[in-house]
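> The following comprises the amino acid sequence and a computationally predicted model.
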Amino acid sequence: MSLPGLPVDELLAQLRAVLTAATPYLLALSVLGAAVWVWWTIRRAALVREALADRVQVEVVPTATFDPGEGEVGRWARQLGRVHYAADGVPARGSAVRLTYTAVDGKMRCYIEGPAAAAAILNMPGFAEVEVRSQHGQADIQPVRFQGSGGMP
């Protein structure tokens, strides 16, 4: 049977029969697709909330002679651009980097905040004359204790 030889009424009847047989399957598929979409949206929102709740902040302290060149600024921008990739599995809304500038007693302070999964990149100095200070103190470091005398267990 070729398509041009069939009457239009017969083609419409065959199409109606196929659609009638496929309707329950198409309905089930659309319900399943909607359920997967809702689940994915809820999961993504939970990942974003979790990432925003678990962020680290570092302070960037420049020296008195700090004067970056164009190349250093570009390198630092590329370094901050890697934070999203270092926070693998975190949606873009949760892996954003926030730069905060404040002035305390006439001195400007710069803070960089980002996801905890990318803390290593945030702690890397981007410029030659800049010190990066982590916001968590020495109290977070737990000493190693050995049992017995002379360091032997």
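That came through fine. Residues are numbered from 1 along each chain as shown.

> hey, let's count contacts and neighbours off CA atoms from now on
OK.

> Return the list of helices and strands in contact with the helix or strand residue 121 falls within.
Taking DSSP states H and E as the definition, one finds residue 121 inside helix 119-122. Under the contact definition 3 or more C-alpha pairs under 8 Å, 6 or more residues apart in numbering; DSSP states H and E, helix 119-122 sits against helix 70-81, helix 83-86, strand 107-115.

> Go through it and flag the buried ones.
The neighbour-count check on helix 119-122 (16 or more other C-alpha atoms under 10 Å) flags 119, 121-122 as buried.

> Could you point out the helix or strand that follows that helix?
Proceeding C-terminally, helix 119-122 gives way to strand 130-134 as the next helix or strand, assigned by DSSP H and E.

> Now tell me what touches that following strand from outside.
Applying C-alpha atoms under 8 Å, 6 or more residues apart in numbering, the set of residues contacting strand 130-134 from outside is 57-63, 66, 123-125.

> Now that strand: average pLDDT?
Mean per-residue pLDDT for strand 130-134: 81.

> same check, this time on stretch 9-26
What stretch 9-26 shows for mean pLDDT is 89.

> could you point out where the chain is predicted with low confidence?
The model of the chain has pLDDT under 70 over residues 1-6, 135-153.

> Have a look at it and report its longest helix.
The helix spanning the most residues in the chain, taking DSSP state H as the definition, is helix 8-53.

> quick check, distance from it to the centre of its chain.
Taking the mean of its C-alpha atoms, helix 8-53 sits 28 Å from the chain's own mean (C-alpha atoms, centre = their mean, to the nearest Å).

> so after that helix, what's the next helix or strand?
Taking DSSP H and E as the definition, the helix or strand that follows helix 8-53 towards the C-terminus is strand 55-62.

> Show the end-to-end separation of stretch 48-62, please.
End-to-end distance for stretch 48-62, by C-alpha to C-alpha, to the nearest Å: 32 Å.

> For it, buried residues please.
Buried residues in stretch 48-62 (16+ other C-alpha under 10 Å): 48, 51-52, 55-62.

> which outside residues touch it?
So stretch 48-62 is contacted by 90-91, 93-95, 109-116, 119, 122-123, 129-135 (C-alpha under 8 Å, 6+ apart).

> Just the buried ones out of those, please.
By the neighbour-count criterion of 16+ other C-alpha under 10 Å, the contacts of stretch 48-62 include these buried positions: 90, 94-95, 111-116, 119, 122-123, 130-134.
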